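**Q** Here is the input, now give the coordinates:
(one chain, ligands or ions: 1)
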Amino acid sequence: MANDEDCGGNLKRQLGKLFEVSLRATVPDENVEPLIAACSGNFGDYQCNNAMGLWSKIKAKPNKTFRGPPAVGEAIKENLPPSNMIESCSVAGPGFINVVLSTKWIAENIQKMLIDGIDSLAPRLSLKRAVVDFSSPNIAKEMHVGHLRSTIIGDTLARMLEFSKVEVLRRNHVGDWGTQFGMLIEFLFEKFPKFEDVNESAIGDLQAFYKASKQRFDTDAEFKDRAQRAVVRLQGGETKYHQAWEQICELSRKEFDRVYQRLGVHLEEKGESFYNPFIPEVIGALRNKGLVEESEGAQVIRLEGFNIPLIVVKSDGGYNYASTDLTALWYRLNEEKAEWIIYVTDVGQQQHFDMFFKAAKLAGWLPSDNSTIYPKVSHVGFGLVLGEDGKRFRTRATEVVRLVDLLDEAKNRSKAALIERGKAAEWTEEELEQTAEAVGYGAVKYADLKNNRLTNYTFNFDQMLNDKGNTAVYLLYAHARICSIIRKSGKDIDDLKKTGELVLGHPDERVLGLHLLQFAETVEEACNNLLPNVLCEYLYNLSENFTKFYSNCQVVGSAEETSRLLLCEATAVVMRKCFFLLGIVPVYKI
Ligand code: ARG
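**A** You can find the predicted model right below:
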């Protein structure tokens, strides 16, 4: 049953199916969805909460069969179809139906997962294709910690959806279009009259190049004039200008790719420029729907509930961020047939998203109810990264943090910690490097993901690299320790999976076992609510439950050795999948 076709490994849904049958038998005239929640009390593992709501629906009706919600609860309990999954049920208080799952069933399903693989527990979502628009830095400008957050959060969301069998288009919506390119191109021509001379080492720092050209633009009227004409020539498709633009984009791209490579993040670039040719047609369609009007020379869409209109064509006739985003949305819905389009940026951009989402609904591109029906759009906002001083994260007072430097430091610090623990003598240089990277980058990612994304978080190396508490280091070490328990037992775990039997005899084994099977519903919840912290919390609790089991139950050398080794292995497998979904590389030795 744990691999039920439409439920995946989701226990809540599997119980829901049983209760659905019972509800239909109990109140045939009412069309109610089963309300199932996990609970951690003494009375059960899950609870069905339909009785009270049902009672208020049926109490006024003539010929009612029940006298109060507890009676409704009793009837729902009685009508449950028989199932190996359930050990016992009881009705408590005003009609809560508590369900105790069968310990044997839990054990069997963990063992089944060990044989079929963790992917057999993957949740089922009711969509086929999604776009995750994330990272999305701007060409020639710095890629800052905000983009780092977007990259980390977006990658995790994409991984969780992919695990749930959704095809994900991982879109890097880079800012590669706009008036700033006129100035950059003119500056490039000035600096490098010979085009062949343009290359990374000659330009050096692209951000400094941007700054210098901006300064020239602001102070030299003749240059400004040339820059503005360059924009027109670029947009008109003149070869020389287009080539220069390509060159600048390519230099930026190389720098972005270095960060993505370190983080193990895969993205497909479809920048703003890609959508440019489609803008006139899309704005035209909106105009035909009567949505676009003229205001102070610009073309705008007025939206109820907002005190400013959405500008879709600027007064100089040019397009802007909103025109591009409306067009990209149109493209994703109609050309790419995406059902869920997810945008990951800082919360500061919330209004922009709210506004063009609303415009898309007015245009009839999206259903007006955005909660459950596809196609749908979601803005995944996140808070600021703060420094120790509580202000926006900077290295020095004014300087922005270079992401590559930040990742270097995380790695170097974790390497130093490993050396201090004597690993340099024990391991090869390669092992040391790989572990330092896994731990260092994992720590940066986990520190970002573990909090609710909307809250600001303080960037602190000492905290994130601490091997105690809720950190990636602690979790990675916990996993490595489990692997070493299995290694040291000298048993062939693949053999045990087939020949041994998993039994959850001790209460701490049962707690751990149930938690393992709750993996699927956790990922499903994290996906549906776009909240990676839900998965982090699950992983941390998993590790805590394991620790409790391990300190109270002897594994190697005990009478239950085989079963307990299987439980260790199942914990390691689930932990590794959590790491994978969070974009963290596991380590096997510490
Ligand atoms: N380039 C933008 C920035 O750096 C983020 C783009 C987000 N995606 C989008 N479709 N608007 O702020």
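
**Q** for stretch 455-472, the distance to its chain's centre please.
**A** 19 Å (CA atoms, centre = their mean, to the nearest Å).

**Q** same question, stretch 416-429
**A** For stretch 416-429, the distance to the chain centre is 33 Å (CA atoms, centre = their mean).

**Q** quick one, longest helix in this structure?
**A** helix 239-263 (DSSP state H).

**Q** Contacts for it next, please.
**A** 135, 137, 139-140, 143, 148, 151-152, 155, 172, 174, 176, 181, 184-185, 188-189, 195, 198, 200, 203, 206, 230, 233-234, 266-267, 269, 271, 403-404, 407, 437, 441, 445, 583 (CB atoms under 8 Å, 6 or more residues apart in numbering). Yep, even glycine has a C-beta here, placed from its N, CA and C like the rest.

**Q** Kindly recompute the last result at 6 Å.
**A** Helix 239-263 has contacts (CB atoms under 6 Å, 6 or more residues apart in numbering) with 137, 139-140, 143, 176, 181, 184-185, 188, 198, 200, 206, 233-234, 403-404, 407.

**Q** before we move on, what about stretch 110-120?
**A** 3, 121, 497, 502, 513, 516, 570, 573, 577.

**Q** circling back: helix or strand right after the longest helix of the chain?
**A** Next along the chain after helix 239-263, taking DSSP states H and E as the criterion, comes strand 268-269.

**Q** in its sheet, what does that following strand sit against?
**A** Strand 268-269 has these partner strands in its sheet, going by DSSP bridges: strand 167-172 (parallel).

**Q** And the ligand, is the helix or strand where residue 379 lies touching that?
**A** Using DSSP H and E, residue 379 falls within strand 376-382. No - judged by CB under 6 Å from any ligand atom, strand 376-382 stays clear of the ligand, getting no closer than 9.3 Å.

**Q** Partner strands of that strand and their direction?
**A** strand 340-346 (parallel).

**Q** buried set for whichever helix or strand comes after the strand it pairs with?
**A** Using DSSP H and E, the helix or strand that follows strand 340-346 in sequence is helix 350-362. Counting neighbours by 16 or more other CB atoms under 10 Å, one finds that the buried residues in helix 350-362 are 352-353, 355-362.

**Q** Which positions in the stretch 151-300 of the chain make contact with the ligand?
**A** 173, 175.

**Q** Tell me where the model's unsure across the stretch 151-300 of the chain.
**A** Residues of the stretch 151-300 of the chain that meet the criterion pLDDT under 70 lie in 200-202, 204.

**Q** show me where it has helices.
**A** With DSSP state H, counting those that start in this stretch as the criterion, the stretch 151-300 of the chain has helices at 180-191, 200-203, 206-219, 221-235, 239-263, 272-275, 279-288.

**Q** pretty sure residue 442 contacts residue 582?
**A** No - judged on CB atoms under 6 Å, residue 442 makes no contact with residue 582 at a distance of 8.1 Å.

**Q** quick one on the thing from earlier: give me the subset of the contacts of stretch 110-120 lying in helices.
**A** Those of these lying in helices (DSSP H): 497, 513, 516, 570, 573, 577.

**Q** Look up the closest residue to the first one, ignoring the ones flanking it.
**A** To tie it back to what came earlier, the one meant is residue 497. residue 114 (4.8 Å; CB to CB, 6 or more residues apart in numbering).

**Q** now swap in the last one and tell me
**A** Closest residue to residue 577 in three dimensions, ignoring its sequence neighbours and counting by CB to CB, 6+ apart: residue 118, at 4.8 Å.

**Q** How many neighbouring residues does that neighbour have?
**A** Using other CB atoms under 10 Å, residue 118 has 20 neighbouring residues.

**Q** same question, residue 115
**A** Residues near residue 115, counting by other CB under 10 Å: 10.

**Q** With residue 82 instead?
**A** So residue 82, with other CB under 10 Å, has 7 neighbours.

**Q** Kindly report the same for the one 5 residues further on.
**A** Neighbourhood size, residue 87 [other CB under 10 Å]: 15.

**Q** Show the pLDDT at it.
**A** For residue 87, the pLDDT comes out at 97.

**Q** for whichever helix or strand it is part of, packing partners?
**A** According to DSSP H and E, residue 87 maps onto strand 86-92. Judged by 3 or more CB pairs under 6 Å, 6 or more residues apart in numbering; DSSP states H and E, the packing partners of strand 86-92 are helix 69-78, strand 96-101.

**Q** Could you list the low-confidence segments of the protein?
**A** For the chain, the ranges with pLDDT under 70 are 1-5, 62-63, 200-202, 204, 370, 395-400.

**Q** give me the number of residues near the spatially closest residue to residue 537 that is not a sequence neighbour?
**A** Nearest residue to residue 537, sequence neighbours excluded (CB to CB, 6+ apart): residue 450, at 7.6 Å. By other CB under 10 Å, 21 other residues sit near residue 450.

**Q** And the furthest pair within the contacts of stretch 110-120?
**A** 502 and 577 (18.2 Å; CB to CB).

**Q** So for the two, which sits in the more crowded spot?
**A** residue 502 (26 against 21).

**Q** So the more buried one sits against residue 562, correct?
**A** No - in this structure, residue 502 is not within contact of residue 562 by CB under 6 Å, at 8.3 Å.

**Q** Now list the buried members of the contacts of helix 239-263.
**A** 137, 139-140, 143, 176, 181, 184-185, 188, 198, 206, 234, 403, 407.

**Q** Rebuild those as a markdown table, extending it with distance to residue 43.
**A** Formatted as a markdown table, these follow (distance: CB to CB, whole Å):
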| residue | distance to residue 43 |
| --- | --- |
| 137 | 52 |
| 139 | 59 |
| 140 | 61 |
| 143 | 52 |
| 176 | 58 |
| 181 | 65 |
| 184 | 66 |
| 185 | 70 |
| 188 | 71 |
| 198 | 71 |
| 206 | 62 |
| 234 | 69 |
| 403 | 50 |
| 407 | 48 |
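
**Q** Out of the residues you listed, which comes closest to the ligand?
**A** residue 137 (5.7 Å; CB to the nearest ligand atom).

**Q** how far away is the residue lying closest to the closest one once chain neighbours are set aside from residue 458?
**A** Leaving aside its sequence neighbours, residue 137 sits nearest to residue 143 (CB to CB, 6+ apart; 4.0 Å). As judged by CB to CB, to the nearest Å, residue 143 and residue 458 stand 21 Å apart.

**Q** can you tell me how far residue 465 sits from residue 446?
**A** Distance from residue 465 to residue 446, by CB to CB: 10 Å.
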